[in-house]
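>>> what's the 3D shape of this:
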Amino acid sequence: MPELRISTEKVCALIEAAREVAGKVPSTAGDKTTTGDDSELVTIEEPEGIGENEDARRCEMVDFIAGLNVEEQADLLALILVGRGDYDTEEWDDAVAEAESRIAARDPDYMIGDAALPEYLGDGLEALGRTCD
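Numbers count the residues shown, from 1 in each chain. Below is the predicted model of the structure:
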C-alpha cells in the first residue's frame with residue numbers, strides 16, 4: 001500500500017470544506033448525523049462573500065492548500081487522480097509524478113475547481129485503505 005505524505009486528517013478537513021463550497025451538504029463536522037432516507041440533500045445557505053469577493057470558505061481552502069508542503073500537495077493531487085479513476089493504487093508512483101509536474105506550474109486554486117472534489121478525495125482515500133470516519 002502506498003505511503004501518504006499528507007495526513008488523513010488534513011485530507012478529511014479539506015473534504016469537509018469542499019462539501020460546503022460545492023453546496024452538496026451542510027457542514028456536519030463532529031455531529032455524526034444522517035437522515036437515513038433518500039430525501040433530497042439540503043444545501044447550505046448562500047456562502048458569505050458571494051459577488052465581487054470570493055467565497056470565504058473557498059479562500060480558506062486555497063490558503064490551506066498553499067500552506068501544505070510540496071509533498072503534501074503532490075499526494076493530495078495524486079489522491080484526486082486516483083479518486084477520479086485516472087490511476088489505480090498500483091500506479092500510485094505515476095499519479096504522484098503527474099501531480100508533481102502539474103503542481104510545479106500552477107497555484108493552489110486549481111485543485112479546488114471541481115465540484116466533485118469531495119468525492120474524488122474520499123474515493124482516493126478509500127482506494128488506499130483510509131477513511132474519514
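>>> List the residue ranges of this structure that fall below the pLDDT cut-off.
Scanning the chain for pLDDT under 70 picks out 23-54, 107-109.
>>> go with 80
Counting by pLDDT under 80, the chain shows low-confidence ranges at 1, 22-55, 104-111, 113.
>>> for it, what spans make up the helices?
Counting by DSSP state H, the chain has these helices, from start to end: 8-22, 56-66, 70-83, 92-103, 117-127.
>>> For Met1, which of those helices is the nearest?
helix 92-103 (8.8 Å; CB to CB). Where C-beta positions appear, they are placed from N, C-alpha and C, glycine not excepted.
>>> now Glu90: how far from Leu128?
Note on Glu90: its distance to Leu128, by CB to CB, to the nearest Å, is 11 Å.
>>> Neighbour count for those two, which is higher?
More crowded of Glu90 and Leu128, by other CB atoms under 10 Å: Leu128, with 21 against 8.
>>> so the more buried one touches Ile6, yeah?
No: Leu128 sits out of contact with Ile6 when judged by CB atoms under 8 Å, with a separation of 11.0 Å.
>>> Identify the contacts common to the two.
Common contact partners of Leu128 and Ile6 (CB atoms under 8 Å, 6 or more residues apart in numbering): Leu79.
>>> Was I right to think Trp92 contacts Ala78?
Yes: between Trp92 and Ala78 there is a contact under CB under 8 Å: 6.7 Å.
>>> now what about stretch 68-81, what contacts it?
If you take CB under 8 Å, 6+ apart as the criterion, stretch 68-81 is touched by 4-6, 10-11, 14, 65, 87, 92, 95-96, 98-100, 102-103, 108, 111, 117, 120-121, 124-125, 128.
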